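Engineer: heads up, no residue letters with this:
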Ligand code: CDP
């Protein structure tokens, strides 16, 4: 049985994971990054030199892959892949793999399994619409594409010596486009979600808004 679920969905680079992580810490919930699971599968497909467009091959790989979290780290077949899943090749290919319906079925099962019996904050694209339609609280976190690109740009510069803002912006737009137009579980706001536009806001301001809204809704957390 699941306990409490707080669902945080939204487009690429909107700051979902920062908010979700902080919220989980504050409430003493478990944070689950559903996107990291698609990223881990993409890493495996690339490592096996399989064609990301070959849906049968991708589904075959997904069916024989174990993806799980331990202490906020992600493990792909027992190996910690926290760093590798953030690399450039993954950004470019993950949305194509996440659009495959059978892959999504397998991932949703893993995501529900990882949440079982826990109070969780989960972020992604379909948490409030598909994975946990009965979540206790649902948020849709977004920001202008310019701001989202700038945030990713700053993040990338922290890790690498160089980054290309225009290229990052283009990639974000492409990923949003694939995520929003796919047939199975497209990125969209759940009807009962609270939308927060984070453009021009600090992490603290957004977190405050999330908690205020949870208090207003009166639900227990
Ligand atoms: O953090 P960022 O916004 O870059 O993306 P992410 O949460 O790591 O997700 C990476 C990709 O996985 C997304 O662009 C989607 O294609 C896919 N994804 C999904 O389809 N469903 C989810 N619940 C989470 C991620």
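Structural biologist: Here it is on my side, so go on. Predicted model, so just to flag it, every value in this text is computed and none were measured.

Engineer: what sits against the closest residue to residue 18 other than its chain neighbours?
Structural biologist: Leaving out its chain neighbours, the residue that sits closest to residue 18 by C-beta to C-beta, 6 or more residues apart in numbering is residue 203, at 5.6 Å. Where you see a C-beta, it was placed from the backbone N, CA and C, and this is true even at glycine. The contact partners of residue 203, taken as C-beta atoms under 8 Å, 6 or more residues apart in numbering, are 15, 18, 19, 22.

Engineer: which stretches of this protein form strands?
Structural biologist: Here the chain has its strands, by DSSP state E, at 5-9, 30-33, 67-70, 73-76, 79-80, 120-124, 137-142, 194-197.

Engineer: as JSON lines, those strands with distance to residue 182 and mean neighbour count would be great.
Structural biologist: Listed next are those as JSON lines, based on distance: least, C-beta to C-beta, whole Å; neighbours: other C-beta atoms under 10 Å:
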{"stretch": "strand 5-9", "distance to residue 182": "14", "mean neighbour count": "27"}
{"stretch": "strand 30-33", "distance to residue 182": "20", "mean neighbour count": "20"}
{"stretch": "strand 67-70", "distance to residue 182": "20", "mean neighbour count": "16"}
{"stretch": "strand 73-76", "distance to residue 182": "23", "mean neighbour count": "17"}
{"stretch": "strand 79-80", "distance to residue 182": "29", "mean neighbour count": "12"}
{"stretch": "strand 120-124", "distance to residue 182": "14", "mean neighbour count": "28"}
{"stretch": "strand 137-142", "distance to residue 182": "17", "mean neighbour count": "24"}
{"stretch": "strand 194-197", "distance to residue 182": "21", "mean neighbour count": "17"}
